[in-house]
Structures are given as structure tokens and as C-alpha cells.
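Asker: please find the sequence and the predicted model below.
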Amino acid sequence: MSKSPYTSGKPSGLASALLGPIKLSEQIIERVLFYKRVPVLFIFILLTLGLGFQAVQIRPDASFVKMIPSSHPYVENYLKYRNDLSGLGNSLRVVVEAKEGDIFTTTFQNTLKQVTDEAFFIPGVDRSALKSIWTPNVRWTEVTEEGFEGGPVISPEYDGSAASLEQLRTNVLRSGQVGILVANDFKSAIIQMPLFDKDPATGEKLNYQVLSSKVETLIREKYENADVRIRITGFAKIVGDLIDGAKSVALFFAMAIAITLVLLYLYSGSVTGTLIPIGCSLVAVVWQMGLLKIFGYGLDPYSMLVPFLVFAIGVSHGVQVVNTIRLEQSEGADPWLAARRAFRAIYIPGLTALLSDGLGFVTLMVIDIQVIQDLAVAASVGVAVIVMTNLLLLPLLMSYVGVGKKAIAKMQASQNKESSPWQMLTVFAKPRGAIIAVSFALVALGVGLYGSQNLKIGDLDKGAPELRADSRYNLDNAFVTDHYSTSSDIFVVMATTAPNQCTSYNTLSTVDSFQEYLTDVPGIQSSVSLVDVSKRVTAGLNEGNLKWRSVSRNQYVINASLAYVPSGFMNGSCSLLPVIIFLDDHKAETLDRISAAIADFAAEHNSDALKFEMAAGNSGFEAATNDVIGTAQYEMLAWVYGVVSILCLLTFRSVKTVICIIAPLALTSVLCQALMAYLGIGVKVATLPVIALGVGIGVDYGIYIYSRLSTYLVQGKTLPEAYLATLKTTGSSVAFTGLTLAIGVVLWVFSPIKFQADMGILLTFMFLWNMLGALILLPALACLLHNHKAAQTEENAHVY
Amino acid sequence: MMFPSIPQIMIKSGGNMLSVTKFSQRARWCVGFIVMAVTPLAFAAMDRIETPSHLSGRAAEGLLLDIAHAGDRLVAVGDQGRILLSDDQGVSWKQVQAPVSVLLTSVYFSDAQHGWAVGHDGVVIHTEDAGDTWLTQLNGRQLNQLQLDTYQTLVDAGGDPQAQDLPMDELELFLEDAMVAVEEGPTQPLLDVLFVNNQLGFLLGSYGVLLKTEDAGVHWSVLSHRLPNPGRFHLNALLVEKQSLIIAGEAGVLFKSDDMGDSWIALESPYEGSFFGLLSYAGQGQALSQVLALGLRGHLFASEDSGDSWQQIAVDSTASLVSAASNNNEVMLVGQGGLVLTGKTLDKLTAFEPQDRRAWSAVTRVNDGWVLVGEKGIKRISDTALGADHE
């Protein structure tokens, strides 16, 4: 963003062939805008109303598939078998925990029964697969002389008496549900609620937000009391919490507006000059959201960043326009003329700056993850609407009201002031200061490069990485991991066969040896598949004798052992057999090692009849995402630096100049990576776009400072003089802009959503450091690189 | 394995694929289809009879079924051909490779060097160096052929001279079963192995299989038909007691041989449920040992006359008892659902750690305690832990 430093209407150093068409459009637009003010205003109002109507209908949205790289082979495999795998994993687990004592009390069992009944009636729940010790499908079995004996864990005679509770304890023990539906310490029990992705009756997609809030109100709020704690885990709950968390972002937005309002008033001293830029920036946000709604986008927690950026970018442009109008008015122009001159002065550099921002965002499209691409689209749309609202609408509005006398007086005073706080910074435009600044930068670079070696790919925290480690969800999740024999990090390998071959001896015995192979891969806790079902039931059919716990070579025995298969272990056509692997954690190294081990096995054993294909499960997708991000991170850096370098080269036609502008940005990028390593933030979907956003936006500072500087150098000033003049005119707006942008994102640090907080920290850092780099390092580099010329023929500074 | 419906189903699925795939994929798939249609099941799966076991760092955590002493060394066997050795009384274990990756069900050492392990798919493996290296002696295909040859010969000869009263039609049934078994493939699990000395040994298996060797397993002879076992019940355990051999099996069957396995009689069984283990044991104050038979749902019987008569011992559990071991007059019985019973006489058995629900398969005595194997691997219970629990 263009903090356009142009305070006069003179042609700038930005003139280049690239800008030809923009220049042509300028005159036409200026005529229409300032001579047909009422109709234009009317059109703007209509558009704002129309898009506003759309914008209010935009809904929070969080889609699982959008967060994963859809063309990665793992994800393609998953999508291929998605319908067959639908029963897998997409379920909610409600934990009912006894705060005192264990679950074998009448009151606890009453609560558990009521919660089970409640869960049964929540829309979206697959009722036939709902499980708790109170559902009839959870049974105990025992081998007797006559064969199997069994019954529901809650016997029909259950009456809450001490005897029946004792019976219940026995049934629970022999049901094999300890660690699954009943905690290992018998202090809590789980209600497993499998969900339909699509309602089988209506065909409607599951609304995670509605489901999540129903579970909250009908279960957690209703049954949690002094004796009982309710905990809820499952992907649907994560999505629900994400959407709820994202709503709190609205508060941050309000706070960002309020802070900006105050700062802008202090800076401009004008009520109209404060309200109108902020109003226009809000209009930009409304337009952007309305357009996204029209294009069919929702507001997901990732692109939620964009309205903040649009607002901040809009304000910084607005400041430039208002500043110029103030200057013109202080020189005697009336509001209409001042606004028109300001438009003429700002239009071209503003458009160019926005173009560079847009190009920076567009480079994000190279990353094959849809939420990042959506972010790129949303940001580009945002930049485009700022052209309309803050380059066109804003001068139009200002042409009616102008700025107040107080603001004009303030401007005149500052123009005439001799000494300036900026004086201090000119030391960096002299050789000694420049050497110090550059040496300091080199040291920082070294530290940054060293620190960034520890940068990790992927998510490093336990539980749901989208949410904070101490969020209620992650606490609930940790509780389940600690008290039940299941891991929440699941990697699913899909073993595929021809139809009806998934239960053949050859298939099962190969999968059996695959699972044996997995026991030796570090990071894997255990695995489970149809093979385990077959083995257990075969032993069960032989009086529970462990000596029969093997895949039988006899197909009839196998078939008998698989007469009843719990859902999720094979698909309907018997061509798919998921192997569910439980991991110690989801660190990138763990996932890498596991993927590589599985790929080795698959390479050796895959055949036409049986293929081991990766991967589903949360960790499977994470492995795919890490894979894409690992390469995309460098690809994206190459693109974003390539694009901004070319833009600078086209604008300034000097390699040295490109270095002066790009080097500070590169330093910030390296330091940002080191900061990520230091804070334990991995490179992931949420943090990957940060550098592109930071560089795309940060390059403006450099462009404006440098182009202003070269204008003064052409006028014959020495570098320190030219630099001081630049700082007085442009430096303050660069500083103000950096601040505005940082305010827009810094509040995110308080977001309940972990990745928004990470983005907030990193973007704040990028915006502020890029600003400092442009104000300090850029002149120092210019001084050193052009030293001989600047010293010898200061008046002949055309190289700039 | 018969899948009469497979070809039709594959053709149907082929039609679906043709409609949605591109030409090149279609061509490739057609080739694949032809190959598969000809040999629908014969893909290059590893045969676990011939695949050496995978060495896993976590072998000691998986399903283990039996444990034996080879001198001071302990040898445990189990899932996927796992063989684990311990030279420090069961504290630490290392895995050695088996030439097979079937589920090994039983292991026996006739001295510190010579041992045999048996398992699914009719596999017998043998070691002569205390378990460091193993070679296959018999597999299910050879076993099937052996049964077929044996019964063909006997039927051709008009009967078994050593089993005069076995009706001819019964022998023909054995021949028929042997022919079916050859067709079905090596599907038969072996369930127990016992060697009386370095040369003479016996194998028990499912569906009444009994084999004997007199040359350390180089040659085996089939004796299944010598057992009065018309129901072909599984044979689970074998014991040598006072020069007699006793077999216990499914559905309460008990057999006894007084001539080292050449002829057998059925013992009168006190129970119609299955027996899984046998132990010769003398309790505190008892001069003579008695035979214990361990069965389903906490059924425990003792015999003081080598199996001719039995008395039920009351056990406070309904979990199946699977295996037992003794040390002087102290006995430990293990079973399903984590059942561990110890005591110095049978009328005073106490349960240890009843809350640990994993199923046990075998137990053996070591210097300072007991080593158990089962569903989730190895557990060591020291005498001190046991004493502490009982106080």
C-alpha cells in the first residue's frame, strides 16, 4: 500500500511504459468524477447498498477439504474413496466424567442414559451406529461350554441397585470396552456419535455449526453440574469451535477501527479527514465481502484476515489522499480543486502500488491449497475495490467537505518547521552511519539465518493444532488421550483390491504382515484393520483360545469370522480395507518417517490385486499438507521476490536500486523465519502466506521512499539532504502506514484460534520491520552502493 | 478358497470403469483384467510359510503364546513367527529370526540346545543351538501329503496292524479328509509340541491331528487315527506323567497312552467343556504329584491316578484357565481376562492383579519369579511383587 508519498502533481519517477494505459485512463476518470459528482455518488451509494445486502448474508464457513492440498496424491486417493471412508472418524465423542468416585453409581448411570438419549435425537447423528454402554449394540460376550453367551452391557434387569451396578461392572469388563467406551480408570464413559456427512433423508450437507451448538446446548449446558463434567471431541467440534472463535474476530475488528480512528485524528487533526478515510475503507470491506458472497465464497477462518488487511490498506491510502488535500488547501485551493489535484497526484502511484500488492497476493496462487488460494482471491478482490473506494470515492467525498481550518493550520506549521525529529535518521545516509547500519543488518542476517535453521514444517503442538493448546477443546482431547486407549493422531492407509477380494486370505495375510511391519516404525503406537477383526473373531469362535488368533488360511473360516464386521473396516463392495494407524504425535519428522516407511512397503508389495495407498485420517492429510508446503515455501518465495524485483526493475531500471529496496525485505523475511523457529511456530497453511503478504505490502515502503529520494536527488540535493526531505514528506506517512497495518493485525494475537494468533504475530512483525528496513537500511544501502557518485558529483545524481 | 461369483462381479465392475476412464487407462486395465481373470487369487503375496519373520523392535509387546526354558535361557514364541530370547531370566529380550511368519503356538526344548516350535499352517521349526537359528522341519503342505500317503497306504493295506479294532470305513474317512486337506492347502494349525527326549517327540493339532517322531523330527508318522476321537476334536495339550502320555482337548476329551503313543484310550472326562492345559503338580504336604487339567470358565480338575479319575477344584473365577507352571509346591495358573492364580495348595489359590484384563497364554518359572506371555506380550512377576500383593 500505497502510502503514496506524492505530495505534488508533478510526474513522478514511477513513469514507465508499464504505466501508459493507467495514465490514459486518468484524465477520463478525473473528468467524470469531478464534473458528474452527483450521478457518480449515486452509483456508489447504490453499489454499496447492493453489495452490503450481499455482504450481510456471508456466512462463516470452514471446510476440511479446503485446508488440504487437493491434488496431492494422498488427498486424491482419499477423495477417490471418500464415500467408502465416510464412516471413518467423522464422529463426535461425548465424555461424561464423574468428578468424584467412579461411573458405577445410580446417579452417574442416570445421567449417562439421559445424555445417550439426548444424543440419539440430535439431527445428523447416525442413530443406528450411536454407541455408549447404554445402547443395545454394545454387548458383552463370553465363551461357555455351549458356545458364545452374551447380552447388552446394560442388562434388561438393570434397576440401579447395588447388585445391578455390580453386574454392570462385570459386563463392562467382559465387553472389552475398557479404554474405548469406558475410561481405563472407570471415572468416565464415552458416547460415540457417528455423523452423516449428508442427511440420508434430505440429502442436505451436515451443518457443523448447527450441530456443534446443539451439542453444546442440549448436552454440555444441560448436563454439566457439580457432579458431572462433559467433554466433547471430534472433527465436527473443532469446526464448530473454529467458527465460534472466528466470530470473536468481529470484536478485534471493532477495536482496530477505534484505535485507527484515534491515531488518524491525532495525525491529521481533521474530523472529516479522519471519518471519511475510515468510512471509505469500511465501504471497501463491505464491497469486498459482498463480492466474495456473489462469487460464492464463505468467510472461513483463514480469509477472515483479509477484511483487516483491506481496511488497513484502505486507511493508508486514504491518509495519502487526505494529506495531499490538506497540503493543497493550505496552499489556498478550495475543497473541490484540492480534491481534484489530490486525485491527479495520487491516482497513478496509488494504482501502481495497489498493483504491486495485488501481484504479491497473486503469487500465493502457486500453492495448491484451496484456503490459501481463496485468501489470494479475497485479498486481490480487496485491493481492487480499494481502487474504487479510496482512490475514487474518497476524493469525491472530500471535494464536498474538505478539511477543517485547524488541520490546515497544523499542516502549514509543520511545513515551516526547521528542525525535525527525522533529522536523526539522516545519519544513515552518511557513509559512517551507513556502514554501521549495514553491519548491524549483516549481523542480524547471520543471526536470522542461524535461527531459521530450526524452522519446522507443520504443526508442532498436540491435539487440534487449529486451536490453542489450552483451549477447552484441546483440554478435552487431552483428557480422552490420557484416559482412553486411543490416540487422536490417525493415519489411514487404504488397502485396495478388486471387488469382493478384500477378505481373501491373500489380502488379509499381506495386510497382516504390513501391520507387523508397522510395529517397528518409530512413532507408530498401534494399527487396526479388518485383519484384527478376523483374528479376534476366529479366536472367539474357538472358545477364545489365543492360539487361534491368526488369519486362517481357510477361506470359510475367514468368512465365518467376518460375518459381522463393525462399520468402517471395509467398504460395501469389499474392495477397500482401511488400515488405521495410531501415532505418537503429528510432528513433521514423525509423519515423514511413517510415510517413507509405508511407501517402501507399498513399493515392494503392491500388485494388481492389492495396493497400499496413502492416505486419509487427520495425520495423513497433514503429511500431504507438509509435503506441499515444504516445496511451496521456496517456490512461493521465489515467485514473490521475483515479481517484486521485476516490478522494481521496471520502475527504476537499476539493479542497485532493486538491491536497495529488496535487501531490507529479505532481511525481514529471514528474521521472520527465525522468529517462527524461536516461537515454535511451524511453516503451515496459516503461516505460509505471511511472508508473501509481508513482502507484497512491504515493498511499497521501499518504492515510495526511493522514488521520492530520487526526485530530490535529481533536484541536486546531497543524499543526506534529499533523504531528510524525503523523510519529512514521505517518511511520516510510511511510519503511519506501518503502524496502521500493524494495528490491523496485532489484535489477532488474542484470537482463540491458534493459527490466527500466529498470523497476527508474524504479520505485525513483518509490517513493522519492513517499515524500519525501508527507513534505515534502504538509505544506508543507497549510500554505500552509490557512494562514489554521491560523493563526487552530488548534483549529478541521475543514476537514481 | 472358492469364489464362484468373482468373475461375474469383476466383469460388471469392469463395465463401470470403462465408461469413466480414458482410453489409455482403459487399455491398461483390460490387460490387468485378463491377467486377473485367469488367476483371480494368485497374486504375488508372500506366503507366510516361507517368509522369514520380520524383526521388530517391539516384538515383545505383541501376541506371544508360549514360553520354554532352554537351559538358563528363556524362549518365547508368538505372532508372525516371533521368537524372543532372554538370557537374564526374562528381564530383557531379543528377537531372532524364524524361517516362517506364521503364528507360532507352542515351543519345547528337550535340552539346553535342542528345541522345536510349532504353529499355524502346519509349521514345525527346529533349533540345535538353543534358539539362535531355526530351520523348517515340516509345513502344512508336507503334512497334508504325509497324511494322504499314510492313509492311502493303510487303506490299500486293508487296515493298521497296530490298530486292529479300527473299522475300515473309519480309516477311509481319514483318507477322504486327507484328500480334502490337500485340496484346501496348508490350513491346519498345530497346537502343542512335546519331546520326551532328544529323539522322541509328539505334535498335536486341530481336528485331532497327532504326529510322532523318533528321529528328532526328520521323519514324522501320523497317529491321528489311533485316538478314539471320532468327533475330530482339537487336541490342545500333551503331558508326560509317570511313563504315560495324556492328551487334553476340545469338548473335554482326554486320552492316555501307556506305550509312548502307539495306542491310546479315552479317559472318562469329568467335564464336557474344553481343556487347554495340563500340569503335573505336587502341593504342599503332598508326596505324590497329581495331574491338573485346566479348562473353560474356571474349570480345574485334579487326578491322582494319571487321569483315571478326576476331582473338581473350586476356583473363584469364570475366566478360562489356559496354562500353569509350578516351582516346588508353589503353582501359578494363568488364563483369560487377566486371570492369575497362585498358591501352595490347590484349595488355597489366590488371584493376583485381577484388574489387568489382558489374556495370558503361558507361564514359566524363573529364579526369582514368574514370566507370563499372552495377548500383549511379556510380563514378569517377581516373588516380591507377588508376596506384597498377597499381604
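Answerer: Great, that's in hand. Here the structure is a predicted model, which means the values were calculated and not measured.
Asker: for the stretch 251-391 of chain B, which residues are neighbours of chain A?
Answerer: B:272-274, B:276, B:296-297, B:318, B:320, B:322, B:336-337, B:357, B:359, B:361, B:374-375 (Cβ under 8 Å from any Cβ of the partner chain). Any C-beta I mention is one placed from the backbone N, CA and C, and that applies to glycine too.
Asker: residues touching residue 329, list them.
Answerer: Reading this off chain A. Taking Cβ atoms under 8 Å, 6 or more residues apart in numbering or on different chains as the criterion, A:Q329 is in contact with A:335, A:338, A:402-403, A:408.
Asker: oops, wrong one, chain B.
Answerer: Shown here is B:N329, whose contacts under the criterion Cβ under 8 Å, 6+ apart are B:282-286, B:344-345.
Asker: ok, and the nearest residue to it once chain neighbours are set aside, which helix or strand is that part of?
Answerer: Of all residues not flanking B:N329 in the chain, B:Q284 sits nearest, at 4.3 Å (Cβ to Cβ, 6 or more residues apart in numbering or on different chains). Under the criterion of DSSP states H and E, B:Q284 resides outside all helices and strands.
Asker: in space, what's closest to A:I753 - neighbours in sequence excluded?
Answerer: The shortest distance from A:I753 to any residue that is not its chain neighbour, by Cβ to Cβ, 6+ apart, is 4.4 Å, and that residue is A:G245.
Asker: ok but that neighbour is inside a helix, no?
Answerer: Yes - assigned with DSSP: H, G, I helix; E, B strand; the rest coil, A:G245 falls within a helix.
Asker: neighbours of it, how many?
Answerer: By the criterion of other Cβ atoms under 10 Å in any protein chain shown, A:G245 has 23 neighbours.
Asker: tell me the contacts of it?
Answerer: Contacts here follow Cβ under 8 Å, 6+ apart; on that basis A:G245 touches A:301, A:467, A:751-753, A:756.
Asker: buried subset of the residues you listed as a PyMOL selection?
Answerer: The following PyMOL line selects those of these that are buried, judged by 16 or more other Cβ atoms under 10 Å in any protein chain shown:
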select buried, chain A and resi 301+467+751+752+753+756
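Asker: quick one, which of the residues of the stretch 251-391 of chain B next to chain A are buried?
Answerer: For those, a burial check counting by 16+ other Cβ under 10 Å picks out B:273-274, B:276, B:296-297, B:318, B:320, B:322, B:336-337, B:357, B:359, B:361, B:374-375.
Asker: pick out the residue nearest the middle of chain B.
Answerer: A centroid search over chain B (Cα atoms, centre = their mean) returns B:L191, at 2.0 Å, as the residue closest to the centre.
Asker: and the pLDDT at that residue?
Answerer: Here, the pLDDT recorded for B:L191 equals 95.
Asker: can you pull the phi and psi angles for the residue nearest the centre of chain A?
Answerer: When chain A is reduced to its mean C-alpha position, the closest residue under Cα atoms, centre = their mean turns out to be A:A686, at 3.3 Å. When quoted as degrees, to the nearest 10, the phi and psi of A:A686 stand at phi -80, psi -30.
Asker: give me the nearest residue to A:L781, chain neighbours excluded.
Answerer: A:C660 (4.5 Å).
Asker: what of A:L173?
Answerer: B:R357 (6.5 Å).
Asker: returning to that earlier point: now, the residues of the stretch 251-391 of chain B next to chain A that are in helices?
Answerer: Using DSSP state H, no member of those falls in helices.
Asker: quick one: the nearest residue to B:T51 once chain neighbours are set aside and B:S56, what's the gap?
Answerer: Excluding its sequence neighbours, the residue lying closest to B:T51 (Cβ to Cβ, 6+ apart) is B:S101, at 4.8 Å. B:S101 sits 11 Å away from B:S56, going by Cβ to Cβ, to the nearest Å.
Asker: try A:V322
Answerer: Between A:V322 and B:S56 the distance, using Cβ to Cβ, works out to 71 Å.
Asker: spell out which parts of the stretch 601-750 of chain A neighbour chain B.
Answerer: Listed as neighbours of chain B in the stretch 601-750 of chain A under the rule Cβ under 8 Å from any Cβ: A:605, A:607-610.
Asker: report the two of the residues you listed separated the most.
Answerer: For those, the farthest-apart pair by Cβ to Cβ is A:H605 and A:D608; their separation is 12.0 Å.
Asker: between the two, which one's more packed in?
Answerer: A:H605 (19 against 15).
Asker: returning to that earlier point: can you pull the contacts of the residue nearest to the centre of chain B?
Answerer: Residues touching B:L191, when contacts are defined by Cβ under 8 Å, 6+ apart, comprise A:547, B:105-106, B:118, B:204-206, B:234-237.
Asker: what about it, which helix or strand?
Answerer: Short version, using DSSP H and E: B:L191 is in strand B:190-195.
Asker: over to A:I386?
Answerer: Assessed by DSSP H and E, A:I386 sits inside helix A:370-386.
Asker: so what touches that helix?
Answerer: Defining contact as Cβ under 8 Å, 6+ apart, one finds that helix A:370-386 is touched by A:65-67, A:70, A:281, A:284-285, A:287-288, A:291-292, A:295, A:297, A:300, A:302-303, A:305-307, A:309-310, A:313-314, A:317, A:354, A:357-358, A:361-365, A:367, A:685, A:688-689, A:693.
Asker: in helices, which of those fall?
Answerer: Within the contacts of helix A:370-386, membership in helices is found for A:281, A:284-285, A:287-288, A:291-292, A:305-307, A:309-310, A:313-314, A:317, A:354, A:357-358, A:361-362, A:688-689, A:693, as judged by DSSP H.
Asker: buried sites along stretch A:695-714?
Answerer: Counting neighbours by 16+ other Cβ under 10 Å, one finds that the buried residues in stretch A:695-714 are A:695-713.
Asker: can you check stretch B:263-281 too?
Answerer: Counting neighbours by 16+ other Cβ under 10 Å, one finds that the buried residues in stretch B:263-281 are B:264, B:267, B:269-271, B:273-281.
Asker: neighbours of A:N454, how many?
Answerer: Counted by other Cβ under 10 Å, the residues lying close to A:N454 total 12.
Asker: let me know the pLDDT of B:D258.
Answerer: If you check B:D258, the pLDDT there is 92.
Asker: residues near A:V310, how many?
Answerer: The number of residues packed near A:V310 is 28, by other Cβ under 10 Å.
Asker: what separation do you get for it and A:M766?
Answerer: Between A:V310 and A:M766 the distance is 17 Å, computed by Cβ to Cβ.
Asker: swap in B:S56?
Answerer: Summarising the geometry, the distance separating B:S56 from A:M766, computed by Cβ to Cβ, is 47 Å.
Asker: care to break chain A down by domain?
Answerer: The record's domain split for chain A, according to automatic domain parsing, is A:69-79+A:489-623, A:90-233, A:426-455+A:654-800.
Asker: just put these in JSON lines and tack on mean pLDDT.
Answerer: Compiled in JSON lines, the domains of chain A are given as follows (pLDDT from 0 to 100):
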{"stretch": "domain A:69-79+A:489-623", "mean pLDDT": "87"}
{"stretch": "domain A:90-233", "mean pLDDT": "83"}
{"stretch": "domain A:426-455+A:654-800", "mean pLDDT": "82"}
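Asker: which of those sits closest to B:L135?
Answerer: Proximity of these to B:L135 was assessed by Cβ to Cβ; the nearest stretch is domain A:69-79+A:489-623, lying at 20.9 Å.
Asker: that closest one: end-to-end distance?
Answerer: Distances were taken as Cα to Cα, to the nearest Å; on that basis the terminal residues of domain A:69-79+A:489-623 are 10 Å apart.
Asker: what does stretch A:772-781 give?
Answerer: The first-to-last residue distance of stretch A:772-781 comes to 13 Å (Cα to Cα).
Asker: so which of the residues of the stretch 601-750 of chain A next to chain B belong to strands?
Answerer: A:L610 (DSSP state E).
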